[in-house]
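K.L.:
Predicted model follows, preceded by the sequence.
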Amino acid sequence: MHNLAPSGTQYLAVVVFTLVGIAFVAGTLIFSRLIQPHAPNAAKTSTYECGVLPVGRAWQQFNPHYYLFALLFVVFDVEAAFLFPWALAYKAVGAYAVAEMIIFVALLGVGLAYAWRRGALEWE
């Protein structure tokens with residue numbers, strides 16, 4: 001019978017790598033803090049550094065509709081990314097894969113219809 005209970009020496013490598021990782025990150029942060037140029041002025045600490053004077057406060061609320069629109073774009077962009085390789089291998093995949101792709105496209109179509117009906121695609 002083998003003893004499967006871990007001993008303390010088996011964790012030594014994990015502890016050493018953890019400590020080396022922490023020391024490397026801390027050393028890098030400290031070193032960069034020591035050698036960085038530090039000359040703040042009004043232009044560098046302003047909200048925008050592009051030469052345009054800021055108007056209003058830096059913290060403003062955004063309409064969540066823009067985030068929803070962006071998420072919908074990502075979803076349908078990923079759909080296109082899945083459809084392209086499938087379309088290239090269409091002849092080799094077989095009937096089961098064709099049925100799965102039809103279900104996939106149908107589910108995304110239902111999602112598109114729902115988003116359209118809810119007005120998520122309206123850009124105002």
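P.N.:
Cool, the structure landed. Numbers count the residues shown, from 1 in each chain.

K.L.:
Contacts for stretch 77-89 next, please.
P.N.:
Val93, Ala97, Met101, Phe104, Val105, Leu108 (C-beta atoms under 8 Å, 6 or more residues apart in numbering). The C-beta positions use only the backbone N, C-alpha and C, and glycine is treated the same way.

K.L.:
Let's have those in JSON lines, adding secondary structure and pLDDT.
P.N.:
Output for those, formatted as JSON lines (DSSP: H, G, I helix; E, B strand; the rest coil; pLDDT from 0 to 100):
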{"residue": "Val93", "secondary structure": "helix", "pLDDT": "82"}
{"residue": "Ala97", "secondary structure": "helix", "pLDDT": "83"}
{"residue": "Met101", "secondary structure": "helix", "pLDDT": "86"}
{"residue": "Phe104", "secondary structure": "helix", "pLDDT": "87"}
{"residue": "Val105", "secondary structure": "helix", "pLDDT": "88"}
{"residue": "Leu108", "secondary structure": "helix", "pLDDT": "87"}
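
K.L.:
Looking at those residues, which is nearest Ala120?
P.N.:
Leu108 (14.1 Å; C-beta to C-beta).

K.L.:
Number of residues surrounding that closest one?
P.N.:
16 (other C-beta atoms under 10 Å).

K.L.:
go on, Gln36?
P.N.:
Gln36 has 7 nearby residues by other C-beta under 10 Å.

K.L.:
so how far is Val15 from Thr9?
P.N.:
Distance, Thr9 to Val15, by C-beta to C-beta, to the nearest Å: 10 Å.

K.L.:
Neighbour count for these two, which is higher?
P.N.:
In terms of neighbours (other C-beta under 10 Å), Val15 is the more surrounded of Thr9 and Val15; the figures are 10 against 7.

K.L.:
pLDDT score assigned to Tyr48?
P.N.:
On pLDDT, Tyr48 comes in at 63.

K.L.:
tell me which residues in stretch 116-124 are buried?
P.N.:
Within stretch 116-124, no residue qualifies as buried by neighbour count (16 or more other C-beta atoms under 10 Å).

K.L.:
actually stretch 35-42, not the one I typed
P.N.:
Under 16+ other C-beta under 10 Å, stretch 35-42 has no buried positions.
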